[in-house]
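> Fold the following and give me the result.
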Amino acid sequence: MNTKPFASGPSAGAVMITRVADGQWHALDDDLVVGRGHAQHRPDGRLFVSIDAWHDAAFDRLAEAMLADLPAPLHTVVDEADIELTAGWRRAGFTIRRREWEYTVPTDPRVTGLDEVLPPPGVTIVPAGQADEGLLRAVDRAIRDEVEATVGWQSMPAEVIARPAGDTIVDPSKYAVAAAPDRYLGLIRVVPVHRPRIGLVAVRAGEQRRGIARALLAHALGTLHRSGSAAAWTEVHESNRAASALFEGIGARPMSSNLELVR
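Numbers count the residues shown, from 1 in each chain. The predicted model follows:
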C-alpha cells in the first residue's frame with residue numbers, strides 16, 4: 001500500500017492518496033473516500049486513466065499521485081459537456097488529441113431511406129453469426145493494413161486499433177459481412193446491448209464507393225428494427241467526413257461529443 005499526504009486546499013484536513021491495488025488509487029479526507037482513480041491498459045497497449053472525485057482538491061491530488069506513479073503517455077476520455085472534468089485533466093497537463101461525435105441512428109427503413117438498398121451485383125450480405133471465420137479475419141486484417149498504410153492507427157479509436165497479438169476479432173458472431181464469391185469485401189459490427197451500438201463499418205479500399213457500406217448498414221439496421229430496436233448509436237471522429245456524411249444521410253443525429261486527452 002502506497003500512501004501520500006497532500007495539503008487539501010479548500011477542504012478540511014489533509015487529503016491522503018492511497019494506492020489500494022495495482023491501477024487503483026483512493027483519496028481519503030478524514031478517513032472518508034472522496035475520490036477514486038483507475039488506470040488500465042487498452043487492447044492496443046495505451047494506458048488510460050480515469051478519476052471520480054468529490055471536489056477539485058481530491059481530483060488534483062489523485063492526478064498528481066497517478067502521474068508520478070505511471071509512465072507516459074497517458075490517455076483519458078471525457079464527455080465534452082463535462083466542463084469540470086475536462087478542466088481537471090487540463091490542470092494536470094492533458095491536451096485534446098481527438099474528438100468523436102456520438103450519433104443516434106434510426107433503424108426504421110422508412111426513416112433511413114434504406115428500405116430498397118441492395119448490395120452491388122456479385123455481392124451478398126452474410127448475416128451476423130454466419131460468416132466464415134477465416135475469411136472474416138482476412139478482411140479485417142486487410143482493412144486494418146490499409147488504414148495503417150494511409151492515415152495510421154493513431155487516428156483511430158482505441159477500440160479498433162490492432163491488438164499486440166494481431167487478433168482484432170473478439171467475437172465473430174457480432175459481424176455481418178459483404179461477400180464476393182472468393183473473399184469478403186466489407187464488414188459491420190453491431191453489439192446488441194441495452195442500446196445497440198454500431199462499433200465498426202469498413203470496406204476494402206479497392207471496393208469503396210460501390211454502395212457496400214450502405215448495404216451493410218441497411219442489413220444491420222433492418223435487423224435491429226425487426227427485433228424491436230428503434231435506434232442504435234455510433235461514434236464518428238470529427239475529421240471523418242465520409243463517415244459523418246454516411247450516417248447523416250440516413251437520418252442519424254449527433255447527440256454529444258467525447259474528447260480523448262493525452263499527456
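> Could you pull out the buried residues of the lengthiest strand in the chain?
Longest strand in the chain, counting residues (DSSP state E): strand 95-106. Within strand 95-106, the residues that qualify as buried are 97-98, 100-106, counting by 16 or more other Cβ atoms under 10 Å. C-betas here are computed from N, CA, C, even on glycine.
> partners of it in the sheet?
strand 231-237 (antiparallel), strand 253-262 (antiparallel) (DSSP bridges).
> Format those as CSV; extra columns: distance to residue 40.
Converted to CSV, the strands paired with strand 95-106 look like this (distance: least, Cβ to Cβ, whole Å):
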stretch, distance to residue 40
strand 231-237, 19
strand 253-262, 14
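> List the residue ranges of the stretch 101-250 of the chain that fall below the pLDDT cut-off.
Counting by pLDDT under 70, the stretch 101-250 of the chain shows low-confidence ranges at 150-167.
> Repeat the analysis, applying 90 as the threshold.
144-171, 191-195, 199-200, 237-243 (pLDDT under 90).
> quick one: the helices in it?
Ranges of helices in the stretch 101-250 of the chain, per DSSP state H, counting those that start in this stretch, are 109-112, 133-149, 212-226, 241-248.
> got the residue ranges for the strands in the protein?
With DSSP E, the ranges of strands along the chain come out as 2-7, 14-21, 24-29, 32-41, 47-53, 74-79, 95-106, 124-126, 175-179, 184-191, 197-203, 231-237, 253-262.
> List the contacts of residue 75.
Contacts for residue 75 (Cβ atoms under 8 Å, 6 or more residues apart in numbering) come out as 42, 46-49, 97, 158, 260-262.
> top of those by neighbour count?
Ranked by the number of neighbours (other Cβ atoms under 10 Å), the contacts of residue 75 place residue 49 first, at 24 neighbours.
> So it sits against residue 42, correct?
No: the criterion here is Cβ atoms under 8 Å, and residue 49 misses it with residue 42 at 11.1 Å.
> tell me which residues of stretch 195-212 are tucked away?
Neighbour-count burial for stretch 195-212 [16+ other Cβ under 10 Å]: 196-198, 200-204, 207, 210-212.
> so which of the residues you listed would you say is closest to residue 121?
Of all the buried residues of stretch 195-212, residue 121 sits closest to residue 210, with 9.6 Å by Cβ to Cβ.
> And the residue nearest to that closest one when sequence neighbours are not counted, how far from residue 186?
Nearest non-adjacent residue to residue 210, counting by Cβ to Cβ, 6 or more residues apart in numbering: residue 120, 4.8 Å away. To residue 186, residue 120 is 11 Å away according to Cβ to Cβ, to the nearest Å.
> more crowded one of the two?
For residue 120 and residue 186, the more surrounded residue by other Cβ under 10 Å is residue 186, and the numbers stand at 24 against 13.
> in the sheet, who's paired with that one?
residue 178, residue 203.
> My read is that it contacts residue 213, right?
Yes: judged on Cβ under 8 Å, residue 186 makes contact with residue 213 at a distance of 6.5 Å.
> so what sits against both of these two?
Joint contacts of residue 186 and residue 213 (Cβ under 8 Å, 6+ apart) are 201-203.
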